[in-house]
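A.B. asks: Build me a model:
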Amino acid sequence: MTPTSNSIIGELVAQDYRFATVFQHSKIDFCCQGNRTIEEACAKKSVNIDQLIKELKAASKSDEASTTDFNSWPLDLLATYIEKKHHRYVESRITEIKPMLAKIVKVHGDLHPELLEVEELFLGSAGELTAHMKKEEFILFPFVKKLVEASEEKTELTPGHFGAVANPVAIMMDEHEAEGERFRKIAELTHDYTPPLGACTTYMVTFSLLKEFEQDLHLHIHLENNILFPKAIELEKSLVYA
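C.D. replies: As a prediction, this is how the structure comes out:
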């Protein structure tokens, strides 16, 4: 897919994840707000669109190995992968980051009061993401797998209690947007996860983990918003309800 001003950002990244680095460099959200055109995003961020498209085309021709083609995966496999890879990552990192944040807030909070807000934001995200992932694991993902099963076996589909799959998808996407905004604020408060001069090891490691957490969240949300969710909606349209 050749990038143009009218290209949808999320669709581009779904085709080739190497584009993600270019969008990240320009502070353009490709996951939570991936349904915008390049032109719309550049206008909002005051980014030179010609230069951005040039960089996107260069990225697609780079020698860097292309990432896994998640766009070609069966939806049931993709849902399982997201749960086992990204959901489990979020759970383990929350457990690791929380005490480290508490420690640097206690030791450095007086000199760096922004740490208190960072901790508050992260704890809010931890709670919301934990509940969000369980809704996906117990409600949405099992239904996606039923869609795949009905399609493969040519059987009628039993409707979910929530109606069309687009209904829970809309809720999940709204929650993704809330978490994206929360981490945009964390990145702003930490100057893109840059510890102050003379920061202790715990300070530096905590910021590094927060940055890694946000990067993983971007890929996690991208896989759902730009690949899994739209394909599940389209698959449901092709099936017959019992």
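
A.B. asks: distance of Ala14 from Glu117?
C.D. replies: In this structure, Ala14 and Glu117 are 34 Å apart, going by C-beta to C-beta, to the nearest Å. To be clear about C-beta, it is placed using only N, CA and C from the backbone, and glycine gets the same treatment.

A.B. asks: neighbour count winner among the two?
C.D. replies: Using other C-beta atoms under 10 Å, the more surrounded residue of Ala14 and Glu117 is Ala14, with 23 against 13.

A.B. asks: Kindly format the C-alpha coordinates of whichever strand or helix holds the more buried one as CSV.
C.D. replies: Taking DSSP states H and E as the criterion, Ala14 maps to helix 9-15. Presented in CSV, the C-alpha positions along helix 9-15 are these (Å, rounded to 0.1, in the frame of the first residue of the first chain):
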residue,chain,number,x,y,z
ILE,A,9,-3.3,5.7,9.1
GLY,A,10,-4.5,2.6,10.9
GLU,A,11,-4.9,0.7,7.6
LEU,A,12,-1.4,1.7,6.5
VAL,A,13,0.1,0.4,9.8
ALA,A,14,-2.0,-2.8,9.6
GLN,A,15,-0.4,-3.5,6.2
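
A.B. asks: Now the next helix or strand after it: buried residues?
C.D. replies: Moving toward the C-terminus from helix 9-15, the next helix or strand (DSSP H and E) is helix 18-25. Residues of helix 18-25 classed as buried under the neighbour-count rule (16 or more other C-beta atoms under 10 Å) are 18-20, 22-23.

A.B. asks: Which residues outside stretch 29-37 are in contact with it?
C.D. replies: Identification of contacts with stretch 29-37 by C-beta atoms under 8 Å, 6 or more residues apart in numbering yields 5-13, 19-20, 23-24, 41, 173, 176-177, 179-181, 184, 217-222, 225-226.

A.B. asks: and the spatially closest residue to Glu11 that is not a sequence neighbour, how many neighbours does it have?
C.D. replies: The spatially closest residue to Glu11, leaving aside those adjacent along the chain, is Asn226, at 6.8 Å (C-beta to C-beta, 6 or more residues apart in numbering). Asn226 has 24 neighbours, counted by other C-beta under 10 Å.

A.B. asks: Enumerate every residue touching the nearest residue to Glu214 once chain neighbours are set aside.
C.D. replies: Excluding the flanking residues, the one nearest Glu214 by C-beta to C-beta, 6+ apart is Phe183, at 4.7 Å. With contacts defined as C-beta under 8 Å, 6+ apart, Phe183 is in contact with 121, 125, 214, 217.
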